[in-house]
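Asker: Return atomic coordinates for the entry below.
(one chain, ligands or ions: 1)
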Amino acid sequence: MKIGAPAEIFEGEARVAMTPDSARQLQKLGHTCLVQSGAGLKAGFTDAAYEEAGVEVVKDAKALYAQAEVVTKVRGPEASEIKMLSEGQTLISFFWPAQHEDDMKTLADKGVRVVAMDMVPRISRAQKMDALSSMANIGGYRAVIEAGNNFGRFFTGQVTAAGKVPPAKVLVVGAGVAGLAAIGTSTSLGAITYAFDVRPEVAEQIESMGAEFVFLEFEEDQTDGAATGGYAAPSSPEFREAQLAKFREMAPDIDIVITTALIPGRDAPVLWTKDMVEMQKPGSVIVDLAAERGGNCELTVKDEKIVTDNGVTIIGYTDLVSRMATQSSTLYATNIRHMLADLTPEKDGVINHNMEDDVIRGATVTFDKEVTFPPPPPKVA
Ligand code: NAD
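Answerer: Residues are numbered from 1 along each chain as shown. As a prediction, this is how the structure comes out:
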């Protein structure tokens, strides 16, 4: 099959869904690869590097969509891209089907098969295709780097001839994939790191990374906001109050706050309030990884960096992953390559879109002119 990667058209998006390395692997599966000229440039991959990897470079998006049997992308398709997709083609990209029902219906009617990378079931077997985790890992890392770039001091403590420097104190709120990456980055830079999550089972992971789990003095146990399936559920008002009281106690002492708390299907919970920001020292930094979903910090402005009257920097960038486009494209292209490996079981360049396979079924949101979202729950864990 011809697998193609167009240039991303979403403003500011620097990632690309195919790298020269992933293309080499795709060719081993019997596929041929196409890339739109310039598609990899912002991620550090030149046309020449693709050509060297045996990829055909086509001049524009129109030519790419006309030739590719499978189109691989990062962002879900915009209207102009949907127009270029036609019957028999497969699109593999992030899609967020619940938020794009009309696009899903249009593509189903057109006879385009859509594999949504954000719908890959989070089961062990599918970890190699778990693009949400790959991207969250990079986001967590970059959040700490971004904080460091806006913080006027070292992370680690030092005793120097010019004086003693205290270590920075970092609080990570939410210890999912992004939060754990932030914790690892923060401790490796030498900061004293605290972390909180409503799922008590992460305490051990937090501590194993050298951070301190923030315990609440709450009359029940700390399981209030933990739901089944590994995700969080909204906390009770009492639990939330206990959490906020703890954060208020910590706020004057914390230099850097990284927030990553999310609850599936809801706006991000507000956990770092205006009065906490006001209690922080000048020079403190907050990086809100939940900015896309409304923010965990009450004062976050999506896509902006603001400095409050008391000198606290609040970063609400939603493109942290794209800011590390070489790394994120490499991991994303590998996730896509693994998806295509499962779709090409005989390694003969022939796609077998097996809807009996839990992972393929889970991720496929349109098939044979039907919308196939939401999928049934996966059978294996
Ligand atoms: P997420 O992005 O949905 O949420 C981030 C974190 O915020 C979660 O840890 C959540 O518990 C936390 N949170 C929610 N409300 C909070 C609050 N009020 N205060 C503090 N923290 C709060 O999470 P994610 O990174 O997608 O991970 C969710 C789950 O999925 C985890 O159990 C993770 O281990 C699991 N997972 C499994 C796989 C796999 O098996 N393939 C892959 C990735 C993640």
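Asker: so who does the residue in the chain that the ligand sits nearest to touch?
Answerer: With CB to the nearest ligand atom as the measure, Gly176 is the residue of the chain nearest to the ligand, at 2.3 Å. Where C-beta positions appear, they are placed from N, C-alpha and C, glycine not excepted. Gly176 is in contact with Ala136, Asp197, Thr260, Leu262, counting by CB atoms under 8 Å, 6 or more residues apart in numbering.
Asker: For the first one, what is the enclosing helix or strand?
Answerer: In this assignment (DSSP states H and E), Ala136 forms part of helix 131-150.
Asker: and that helix, does that touch the ligand?
Answerer: Yes - among the residues of helix 131-150, Ser133, Ala136 lie within reach of the ligand under CB under 6 Å from any ligand atom.
Asker: Show me where the stretch 101-250 of the chain has its helices.
Answerer: Using DSSP state H, counting those that start in this stretch, the helices of the stretch 101-250 of the chain run over residues 101-110, 131-150, 177-188, 203-208, 237-250.
Asker: most tightly surrounded among those helices?
Answerer: helix 177-188 (a mean of 25; mean count of other CB atoms under 10 Å).
Asker: Quick one, grab the pLDDT at Lys379.
Answerer: You'll see Lys379 listed with a pLDDT of 68.
Asker: got it, and Gly265?
Answerer: Confidence score, pLDDT, at Gly265: 85.
Asker: for Pro234, same thing?
Answerer: Pro234 is assigned a pLDDT of 83 by the prediction.
Asker: I'd like to know how far it sits from Phe154.
Answerer: Separation of Pro234 from Phe154 (CB to CB, to the nearest Å): 38 Å.
Asker: For Phe94, which of the helices of the stretch 101-250 of the chain is the nearest?
Answerer: helix 131-150 (7.1 Å; CB to CB).
Asker: Next, the contact list for His353, please.
Answerer: His353 neighbours (CB under 8 Å, 6+ apart): Thr90, Arg113, Leu343, Ile360, Thr364, Phe367.
Asker: so the fifth one touches Val112, yeah?
Answerer: No - in terms of CB atoms under 8 Å, Thr364 does not count as a neighbour of Val112; the distance is 11.3 Å.
Asker: residue ranges with poor pLDDT in the stretch 101-250 of the chain?
Answerer: Flagging of the stretch 101-250 of the chain using pLDDT under 70 yields the residue ranges 219-229.
Asker: near the ligand, which residues of it show up?
Answerer: Checking the stretch 101-250 of the chain against the ligand by CB under 6 Å from any ligand atom, the hits are 122-124, 127, 130, 133, 136, 173-179, 196-199, 225, 230-232, 235.
Asker: again, only using 5 Å
Answerer: Arg122, Gln127, Ser133, Gly174, Gly176, Val177, Asp197, Val198, Arg199, Gly230, Ala232 (CB under 5 Å from any ligand atom).
Asker: OK, contacts around the fourth one?
Answerer: Okay, so that is Gly174. Counting by CB under 8 Å, 6+ apart, Gly174 makes contact with Phe196, Asp197, Thr259, Thr260, Ala261, Leu262, Leu289, Ala290, Asn296.
Asker: which one of those residues has the most neighbours?
Answerer: Leu289 (34 neighbours; other CB atoms under 10 Å).
Asker: Need the nearest residue in space to it, chain neighbours excluded.
Answerer: Thr260 (4.5 Å; CB to CB, 6 or more residues apart in numbering).
Asker: Next, find the distance separating the one you found from Pro237.
Answerer: Going from Thr260 to Pro237 by CB to CB gives 22 Å.
Asker: and if you look at Val214?
Answerer: 19 Å.
Asker: ditto for Leu271
Answerer: Leu271 is 14 Å from Pro237, where distance means CB to CB.
Asker: same thing with Asp255?
Answerer: Taking CB to CB, one finds Asp255 at 30 Å from Pro237.
Asker: And Arg153, by the same measure?
Answerer: 37 Å.
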